[in-house]
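K.L.:
can you look at this prediction? I've put the sequence above it.
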Amino acid sequence: MASDHSNTLTNLSSAHFHLVLHLLVPLTIAVVFYRKRWLVSYLVMLSAMLIDIDHLLADPIYDPNRCSIGFHPLHRMEAIILYLAALIPNKTRVLGIGLCTHIILDSIDCRVTGGVWSAS
Ligand SMILES: [Zn+2]
């Protein structure tokens, strides 16, 4: 896939957008659905960010033009099935929500950086 370095400003703002969503979406879910223990739930959901550790295996570590989904080991279908399974037991549900939110946000990000939504 060809990378476009003339678009540095767009890449920068979409990286920020990505990070802000990764922080705000779990916070919203925690406050709305886990009002009484929102902080613990939020921290558990934030720990889902740790699956981005698999980026360290890739070269370069971060490429704004690359889609994480299906590329990194913890962002592949086999892993995603585990994340969905984590939604079922009560004990792992909050973590499962965090993991699935992470995957959903990453895939949205792919569409943005892939230019699918850049027409707007
Ligand atoms: Zn990710």
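P.N.:
Received, thanks.
K.L.:
use CA for all of it now, contacts and neighbours both
P.N.:
Fine.
K.L.:
distance-wise, check Phe33 relative to Leu27.
P.N.:
Per C-alpha to C-alpha, to the nearest Å, Phe33 is found 10 Å from Leu27.
K.L.:
who's more crowded, these two?
P.N.:
Using other C-alpha atoms under 10 Å as the criterion, Phe33 and Leu27 rank with Leu27 on top: 21 against 12.
K.L.:
helix or strand right after the one helix or strand that one maps to?
P.N.:
For Leu27, the host element (DSSP states H and E) is helix 8-33. Next helix or strand after helix 8-33 toward the C-terminus (DSSP H and E): helix 38-46.
K.L.:
which helix or strand contains the one residue sitting closest to the centre of the chain?
P.N.:
Among the residues of the chain, the one closest to the centroid is His102, at 3.0 Å (C-alpha atoms, centre = their mean). Using DSSP H and E, His102 falls within helix 90-113.
K.L.:
residues touching the residue nearest to the centre of the chain, list them.
P.N.:
By C-alpha atoms under 8 Å, 6 or more residues apart in numbering, the contact list for His102 reads 22, 48-49.
K.L.:
can you list the low-confidence ranges for this protein?
P.N.:
For the chain, applying pLDDT under 70 flags the ranges 1-15, 64, 112-120.
K.L.:
so the closest residue to Arg76 other than its chain neighbours, which state does it fall into?
P.N.:
Ranked by C-alpha to C-alpha, 6 or more residues apart in numbering and with sequence neighbours excluded, the top spatial neighbour of Arg76 is Gly70, at 4.3 Å. Secondary structure, DSSP: H, G, I helix; E, B strand; the rest coil: Gly70 is coil.
K.L.:
ok, Gly70 to Ala30 distance?
P.N.:
For Gly70, the distance to Ala30 - C-alpha to C-alpha - is 27 Å.
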